[in-house]
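Peer 1: need a structure here:
(2 chains)
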2 protein chains.
Amino acid sequence: MIQRRAIIAVAAMWALALAVPANAGDPCCATGDLGLVVERASGSLVVVDRSEHAAVGRIEGLGDLSHASITYSPDERHAYVFGRDGGLTKVDILTRKIVKRVVQAGNSIGGAISDDGELVAVSNYEPGGVRVFDAETLGIVADIPAGAKTIGLADAPGRRFIWSLWDTGETWIADFSGEKLLLTKLADVGKNPFDAVLTDDGRTYLVGLFGEKGVTAIDLWADEPKPVRFLKDYGKTSDDLPVYKMPHLQGWAFTDGQFVLPAVGAHELLWVDRGTLEPTGRTPVHGQPVFIIAQPASPYVWVNFATPLNDTVQVVDSRTHQVVKSIVPGPAVLHMEFAPRGAEVWISVRDSNKVLIYDTHSFRQIGEIEAQSPSGIFFTARAHRTGL
Amino acid sequence: MIQRRAIIAVAAMWALALAVPANAGDPCCATGDLGLVVERASGSLVVVDRSEHAAVGRIEGLGDLSHASITYSPDERHAYVFGRDGGLTKVDILTRKIVKRVVQAGNSIGGAISDDGELVAVSNYEPGGVRVFDAETLGIVADIPAGAKTIGLADAPGRRFIWSLWDTGETWIADFSGEKLLLTKLADVGKNPFDAVLTDDGRTYLVGLFGEKGVTAIDLWADEPKPVRFLKDYGKTSDDLPVYKMPHLQGWAFTDGQFVLPAVGAHELLWVDRGTLEPTGRTPVHGQPVFIIAQPASPYVWVNFATPLNDTVQVVDSRTHQVVKSIVPGPAVLHMEFAPRGAEVWISVRDSNKVLIYDTHSFRQIGEIEAQSPSGIFFTARAHRTGL
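Peer 2: Numbers count the residues shown, from 1 in each chain, chains lettered A, B, ... in the order given. Model prediction:
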C-alpha cells in the first residue's frame, strides 16, 4: 500500500514535470526581452524581464563591477560581463548562474563579441593590450600585447575587432576571419585617445582625444582606412569648468544624418554633420553630459549628466537642437537603456536603489524595479547590434 | 516486485526530468538565434537555429502560405503568421506548436506588431480594411473597414500602425496610444498604391504607385505629415518589358544616406538621396529586381530577381552603384535574410528545396537546410526592429 501510494505520488510528480515541458509555461524560456542591470557596489546583476517590468533573478559573485559592461551571445542566452578587476564572467541568463569566470588581467575597461558570436575580446589597462577568448569555453585564442592602455574596443563586421591605444595614439584592427590573425596598425590617430566608438552601420570609428584638441574619424569601409581629424576645437574648453567625469563616447548618438557629442567639461552638446564632419549646432543643457543616447525610431536623444547635476535627464530634438523635455528621476542617474523599438526607456537611479521605467511618448513613469546601486542596464537585444 | 521496479523506473525517469531542468542543456531554450522558414506549398514552417545552421523542427497546419509574412513578439518566442487565406496564426517557436489560429478575413496581405508588443494588425484585400488583435489572445481589438484593399501595413512608434488604400489612394495612421483609437487619413497620396514601406528610423513612409508615375514620401516625424511626390518618372517604363512580378517595397534598402528602389519592369536599381529625394544613380542588374536588402553594417545591398532570371543573386556597392558580385544559388531564389549583424545571409531556393547559407565576406557557402519549396525566411531578431 505504501508502495502503491509512493508510485502514485512519484508518478504524479513525474506527470507534473512532463505536463510542464521544458519550454512551455516558464516566462523566462524565451530570451528576447530579458536584460541585466549591474549592481555596482555589490558585484551582482539583476536579471530583468522587459515585458513584465520585473526583476526575475539575481546573479552574484561578479567581482568589481564599478565600471562594467556587458555583451550577449547571438542566442541572447549568455552574457559576457567585463569587470573593472580584469574579470571576464560568462553568465547564463536562463539558469541565472555563472558559467565560467576568468580574471584575465589586472584592470580591464570593456569588451566586445565578434559578429559570428565565436570570439570575445577584452581591452585592458593593466597590463594593457587586448585578449581574445573562445566565447564557448573562455579559453584564450589570442593575446595581443600593446605596451599601452587600450580603449574604445568594438566589434566590426567580418570577425574583426578595433581599439585604440592611449599611450601611443594608434588604432589597431584585428581581423580573425582567416587562418592567421591579421593586425593592422594605424598611426597618428591623435594624442591620448580616451574613448572611441563605432557607428551602428559599422562604418565610422570615432576617437575622442584627451591630449590634444579635436576628434578623429576613421572610415572602416575604405580599402585603406585613414584617420581624419575634425572638430579641431573639441576638447576641454575652459579651465574654469572642472571635468567631473569624462563622457562616454559609447553614448555618442547618430541620428538624422548627424553625430551628437558631449562637450568635454561644458554644459553642451555638439552636433556634427555625418557626411561633411562639419559642426551643425550646439545645445545648451542642464549639466556636463555623460551619456547621449538616441531613442530608437525617433528624432530624439536622451542625455544624463555628471555629478553634482546628475538627478536630471533631458530630451533633445536632433532636428531643432532644442531641449524638449526635462525629467528628474532622482539622485545619481547613471545609465539609460531603450526598448529596442523605442517604446520605453529604463533609467538607473543609483542613490534611490531603483531602475525607473518611462514611456518615451507620454514621459509617464510606467514601472520601477528595485536594485542595489544600479548602474549599467543591458537588454539582450544588444546581441543583434554592431559596434557594442 | 513489479511495483518496486515500477517505482524505480518512474523515479529514475522523474530524476532525469529533474536533472535536465527546464532551462539548461536544451539548445532551444534561448530564442535570439531562432527563425522560421515558410514552406509555401505545404502550409508549414521550418524552425531553424541560426547558430547551428540547422532545422530543429516543423510546424504544420498554417493554411495557404503562398504569400506569407511573419512578425515576432518582443520576447522572440511567439510568431504571428499572416497567410494569404486571411489566416492569422500565432505559433510558439519553443514548443513548435500552433497556439491559436483565426481566419480573420478572406484574403490578407501582411501584418505588423505594435512597438509595445501588445497589438497585432492585419491588412486585408477581402473585405479590405485592417483588423487589430490582442497579441496575447488574438481577440479582436479594432475593426477598421476602409471599403478598399489595404497594402503597405507597418508598425510605427507610439502604438501606431500605418497603411495605404489601393482603391482610394489614401494613407491612414491609426494611433492606439490613448483611450480611444485616433485615426488620421491622408488623401492624395497617389493613384493605386501597390506597396509601401517605413524606413528603419520610423521617419519616412514610402509609397509605390501603380496608377501613376512617381513615388510618395510621408515624413512621420512632422507635426502634420504630408505626402510629397518624387521620382516623377518612376513606374513601368516600357511596354516592351512585361512586369513578371511587382517588386516588394519591403525590400527597399536604406544605406549610405540613400534609398535604393527596384525599377518596375526594368533590369535596374534606382538610387535616391534620402534627404533631397533626388535621384543619385542607376545600376543595371541581371533581371527585374524583387527584393533589395541591405547587408547590415556594410555598404552593400543584395538583390534577387523575377522569373525567369530568378536563379541569381547580385551584390551592389551603395557607394559606387556597381555590381561587385554575382552568385547563382539555384532555381527560384525567393528570399534572403541576413544574420542581424550581417555575418551571413540565408537564401531560399524554392526549386532546390533548400535554404543555402553564405558567409557575406568570403561569399562561400557555409551551410544548407532542407525545406519544401521554401519562400520567406524570418529570424527572431526582427522582433527588435521598427517598421516590419
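Peer 1: May I have stretch A:371-378 exported as PDB, CA atoms only?
Peer 2: The C-alpha trace of stretch A:371-378 is given here as PDB (Å, rounded to 0.1, in the frame of the first residue of the first chain):
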ATOM      1  CA  ALA A 371      18.300  47.200  -7.500                       C
ATOM      2  CA  GLN A 372      21.300  47.900  -5.200                       C
ATOM      3  CA  SER A 373      23.200  50.900  -6.500                       C
ATOM      4  CA  PRO A 374      22.200  50.200 -10.100                       C
ATOM      5  CA  SER A 375      24.500  51.400 -12.900                       C
ATOM      6  CA  GLY A 376      24.600  49.900 -16.500                       C
ATOM      7  CA  ILE A 377      21.400  48.400 -18.000                       C
ATOM      8  CA  PHE A 378      21.900  46.000 -20.800                       C
END
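Peer 1: for the record, mean pLDDT for it?
Peer 2: Regarding stretch A:371-378, the rounded mean pLDDT is 97.
Peer 1: Give me the contact list for it.
Peer 2: A:35-42, A:44, A:46, A:48, A:55, A:65, A:68-70, A:72, A:79, A:334-337, A:346, A:348-351, A:353-355 (C-beta atoms under 8 Å, 6 or more residues apart in numbering or on different chains). Every residue, glycine included, has its C-beta placed from N, CA and C.
Peer 1: Flag every buried residue along it.
Peer 2: Neighbour-count burial for stretch A:371-378 flags A:371, A:373-378 (criterion: 16 or more other C-beta atoms under 10 Å in any protein chain shown).
Peer 1: would TSV of these with secondary structure be doable?
Peer 2: Formatted as TSV, the buried residues of stretch A:371-378 follow (DSSP: H, G, I helix; E, B strand; the rest coil):
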residue	secondary structure
A:371	coil
A:373	coil
A:374	strand
A:375	strand
A:376	strand
A:377	strand
A:378	strand
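Peer 1: And the furthest pair within those?
Peer 2: Maximum pairwise distance among the buried residues of stretch A:371-378 (C-beta to C-beta): 15.9 Å, between A:373 and A:378.
Peer 1: Show me which residues of the stretch 201-350 of chain A are close to chain B?
Peer 2: Contacts of the stretch 201-350 of chain A with chain B, taken as C-beta under 8 Å from any C-beta of the partner chain, map to A:201-203, A:221, A:255-257, A:274-275, A:296-299, A:319, A:339-344.
Peer 1: Buried only: go through these for me.
Peer 2: By 16+ other C-beta under 10 Å, these give A:201-203, A:221, A:255-256, A:274, A:296-299, A:339-344 as buried.
Peer 1: Phi, psi for residue A:352 please.
Peer 2: phi -100, psi -10 (degrees, to the nearest 10).
Peer 1: Quick check, it in contact with residue A:330.
Peer 2: Yes: in this structure residue A:352 lies within contact range of residue A:330 using C-beta atoms under 8 Å: 4.4 Å.
Peer 1: Low-confidence ranges, the stretch 201-350 of chain A, go.
Peer 2: For the stretch 201-350 of chain A, the stretches with pLDDT under 70 are A:236-247, A:250-251.
Peer 1: what ranges do the strands span in the stretch 51-200 of chain A?
Peer 2: For the stretch 51-200 of chain A, strands defined by DSSP state E, counting those that start in this stretch occupy the ranges A:54-59, A:69-72, A:78-82, A:87-92, A:97-103, A:107-113, A:119-126, A:130-134, A:140-144, A:150-156, A:160-165, A:170-175, A:182-186, A:193-198.
Peer 1: Is it possible to get TSV of these that adds mean neighbour count and mean pLDDT?
Peer 2: Shown next, in TSV, are these (neighbours: other C-beta atoms under 10 Å in any protein chain shown; pLDDT from 0 to 100):
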stretch	mean neighbour count	mean pLDDT
strand A:54-59	16	96
strand A:69-72	24	96
strand A:78-82	26	97
strand A:87-92	22	96
strand A:97-103	15	95
strand A:107-113	24	89
strand A:119-126	23	93
strand A:130-134	21	97
strand A:140-144	14	97
strand A:150-156	25	95
strand A:160-165	26	97
strand A:170-175	21	98
strand A:182-186	14	97
strand A:193-198	24	92
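Peer 1: And the buried residues of stretch A:371-378, which is closest to residue A:184?
Peer 2: Distance to residue A:184 across these (C-beta to C-beta) is lowest for residue A:378, with 29.4 Å.
Peer 1: how about the helices in chain A?
Peer 2: Ranges of helices in chain A, per DSSP state H, are A:2-19.
Peer 1: who's in contact with the closest residue to residue A:87 other than its chain neighbours?
Peer 2: Computed as C-beta to C-beta, 6 or more residues apart in numbering or on different chains, the closest residue to residue A:87 that is not its neighbour in sequence is residue A:63, at 4.2 Å. Contact partners of residue A:63, counting by C-beta under 8 Å, 6+ apart, are A:43, A:83-85, A:87, A:89, A:101, A:103.
Peer 1: what's the farthest-apart pair in those?
Peer 2: Longest span within the contacts of residue A:63, C-beta to C-beta: A:84 and A:101, 14.1 Å.
Peer 1: ok, back up a step: out of the strands of the stretch 51-200 of chain A, flag the one nearest residue B:269.
Peer 2: The nearest among the strands of the stretch 51-200 of chain A, by C-beta to C-beta, is strand A:150-156 at 26.6 Å.
Peer 1: who touches the closest residue to residue A:333 other than its chain neighbours in this structure?
Peer 2: Leaving aside its sequence neighbours, residue A:333 sits nearest to residue A:304 (C-beta to C-beta, 6+ apart; 4.6 Å). Taking C-beta under 8 Å, 6+ apart as the criterion, residue A:304 is in contact with A:289-291, A:310, A:312-313, A:333-336, A:347.
Peer 1: For burial, what's the neighbour tally of residue A:95?
Peer 2: For residue A:95, the count of nearby residues is 18 (other C-beta atoms under 10 Å in any protein chain shown).
Peer 1: likewise residue A:204?
Peer 2: 21.
Peer 1: Tell me the spacing between residue A:381 and chain B.
Peer 2: Per C-beta to the nearest C-beta, to the nearest Å, residue A:381 is found 5 Å from chain B.
Peer 1: meant to ask about residue A:346, not that
Peer 2: Residue A:346 is 14 Å from chain B, by C-beta to the nearest C-beta.
Peer 1: who's that residue bridged to?
Peer 2: Taking DSSP bridges as the rule, residue A:346 bridges to residue A:337, residue A:357.
Peer 1: How about the contacts made by the closest residue to residue A:326 other than its chain neighbours?
Peer 2: The shortest distance from residue A:326 to any non-neighbouring residue, by C-beta to C-beta, 6+ apart, is to residue A:314 (5.0 Å). Neighbouring residues of residue A:314 by C-beta under 8 Å, 6+ apart: A:285-286, A:302-303, A:323, A:325-327.
Peer 1: got it, and residue A:326?
Peer 2: A:286, A:312-315.
Peer 1: between those, which is closest to chain B?
Peer 2: residue A:315 (14.1 Å; C-beta to the nearest C-beta).
Peer 1: Go ahead and confirm that closest one touches residue A:338.
Peer 2: No: the pair residue A:315 and residue A:338 fails to qualify as a contact (C-beta under 8 Å) at a distance of 11.9 Å.
Peer 1: okay, and the common contacts of the two?
Peer 2: With C-beta under 8 Å, 6+ apart as the test, residue A:315 and residue A:338 both reach residue A:295.
Peer 1: List, one by one, the residues from the stretch 51-200 of chain A near chain B.
Peer 2: Residues of the stretch 51-200 of chain A lying near chain B (C-beta under 8 Å from any C-beta): A:51, A:72-77, A:92, A:94-95, A:115-117, A:155-159, A:177, A:200.
Peer 1: try 6 Å this time
Peer 2: Remark: the part of the stretch 51-200 of chain A in contact with chain B comprises A:51, A:74-77, A:94-95, A:115-116, A:157-158, using C-beta under 6 Å from any C-beta of the partner chain.
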